[in-house]
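Student: Next input, structure requested:
(one chain, ligands or ions: 1)
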Amino acid sequence: MRRSLVVGNWKMNGTLASSELLAKGIIAGLSDNNADIAVCVPYIYLPRISELLNGTSLSLGAQNVGDKVSGAFTGEISAAMLSEFNCKYAIVGHSERRTYYGDTNVSVAERFCQAQQQNIIPVLCVGETLEQREQDQTFAVIDAQLDAVINLAGIAAFSTAVIAYEPVWAIGTGKTATDEQAQEVHHYIRQFIAAKDQTIADKIQILYGGSAKPDNAKGLFAMPDIDGGLIGGASLDAESFLKIYQSI
Ligand code: PGA
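Tutor: The predicted model follows:
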């Protein structure tokens, strides 16, 4: 049995004060439901939120990680820096990074490797745009996104990674993939991994992301290949994030 996981992605929202309140609100409502839970917070709030999460079952993550070990890379944050603040996870390849900041399949693969070198679990985001879906390119896009990582890191690296299927057309748009649409792609991803390593495919957590909300989470999480969610907007409110977590 795979353990489920719900990850909040706070993106570039909030203040230090509102972030503290949000973290405290989530911690206060945590229940033991046999699933893991984490929040990926803005870099600059990691030290403070790390203190608040210490000793709780809410884990910490970053929203990205540098693609190099260290050096003259202005504005980047290394995996070693993240590990100083107990980051368990780092999102890599989020579509907003790919679209607005030029992250490529190759640089995402490098970030994935950097995270793992510091024992940080990469949450690798994959997914197609609306145009790609309409042109029947969904699986080809996902193949290329996964292959770039497999080429650099090897399939074994997926034994300590999480994949998030995030159809770009569903992110922040209020348009969720239907349970069946999401399941179809999750199943495809698991089969893609299984063709290279069945054990890893059976074990890897594949999360759904894209306008997941308290009222649609249960249906999505009930799908056999959906192991939880990567939650953006709805993770900014403790109550709705906890409701999603409790839908597992
Ligand atoms: P959303 O974002 O839940 O606001 O659609 C999901 C994500 O981008 O990770």
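Student: Of all the helices and strands in the protein, which has the lowest average confidence?
Tutor: Least confident element among the helices and strands of the chain, by mean pLDDT, DSSP states H and E: helix 130-134 (a mean of 94).
Student: what's the spacing between that one and its chain's center?
Tutor: Mean-position distance between helix 130-134 and its chain equals 22 Å (Cα atoms, centre = their mean, to the nearest Å).
Student: ok, that helix near the ligand or not?
Tutor: No - under the criterion of Cβ under 6 Å from any ligand atom, helix 130-134 makes no contact with the ligand; the nearest approach is 13.9 Å. (Each C-beta comes from the backbone N, C-alpha and C, glycine too.)
Student: go on, stretch 211-220?
Tutor: Yes - Stretch 211-220 lies within reach of the ligand by Cβ under 6 Å from any ligand atom, at 211-212.
Student: got the contact list for that stretch?
Tutor: Stretch 211-220 is contacted from outside by 170-176, 179, 182, 208, 226, 229-231, 233-234, 240, 243-244, 247, using Cβ atoms under 8 Å, 6 or more residues apart in numbering.
Student: Could you list the buried residues of that stretch?
Tutor: By 16 or more other Cβ atoms under 10 Å, the buried positions in stretch 211-220 come out as 211-214, 216-217, 219-220.
Student: Break down the chain into its helices, ranges please.
Tutor: For the chain, the helices defined by DSSP state H occupy 16-28, 46-53, 79-83, 95-100, 105-117, 130-134, 138-153, 179-194, 198-203, 214-221, 238-246.
Student: out of those helices, nearest to Lys68?
Tutor: Among those, helix 105-117 comes nearest to Lys68, with 7.1 Å by Cβ to Cβ.
Student: Residue numbers of the chain in contact with the ligand?
Tutor: Taking Cβ under 6 Å from any ligand atom as the contact definition, the chain meets the ligand at 9, 166, 171-172, 209-212, 230-234.
Student: again, only this time at 5 Å
Tutor: The chain comes close to the ligand at residues 9, 171-172, 209-211, 230, 232-233, as judged by Cβ under 5 Å from any ligand atom.
Student: Can you tell me which of these lies closest to Thr199?
Tutor: Scanning the residues of the chain next to the ligand for proximity to Thr199, where the rule is Cβ to Cβ, the winner is Leu230, at 23.8 Å.
Student: Not counting sequence-adjacent ones, nearest residue to that closest one?
Tutor: Closest residue to Leu230 apart from its sequence neighbours, by Cβ to Cβ, 6 or more residues apart in numbering: Gly209 at 3.5 Å.
Student: Nearest to the ligand: which residue in this protein?
Tutor: The nearest approach of the chain to the ligand comes at Gly232, 2.2 Å away (Cβ to the nearest ligand atom).
Student: show me the contacts for the residue lying closest to that residue once chain neighbours are set aside.
Tutor: Sequence neighbours aside, Asn9 is the residue nearest to Gly232 in space, at 5.0 Å (criterion: Cβ to Cβ, 6+ apart). Asn9 makes contact with 40, 63, 91, 94, 209, 230-232, 235, according to Cβ under 8 Å, 6+ apart.
Student: do that again at 7 Å, thanks
Tutor: Contacts for Asn9 (Cβ atoms under 7 Å, 6 or more residues apart in numbering) come out as 40, 63, 91, 230-232, 235.
Student: before we move on, the earlier item: in a markdown table: the helices of the chain, plus distance to Ser70.
Tutor: Listed next are the helices of the chain as a markdown table, based on distance: least, Cβ to Cβ, whole Å:
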| stretch | distance to Ser70 |
| --- | --- |
| helix 16-28 | 27 |
| helix 46-53 | 17 |
| helix 79-83 | 7 |
| helix 95-100 | 20 |
| helix 105-117 | 10 |
| helix 130-134 | 36 |
| helix 138-153 | 19 |
| helix 179-194 | 31 |
| helix 198-203 | 30 |
| helix 214-221 | 39 |
| helix 238-246 | 34 |
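Student: This completes my enquiry, with thanks.
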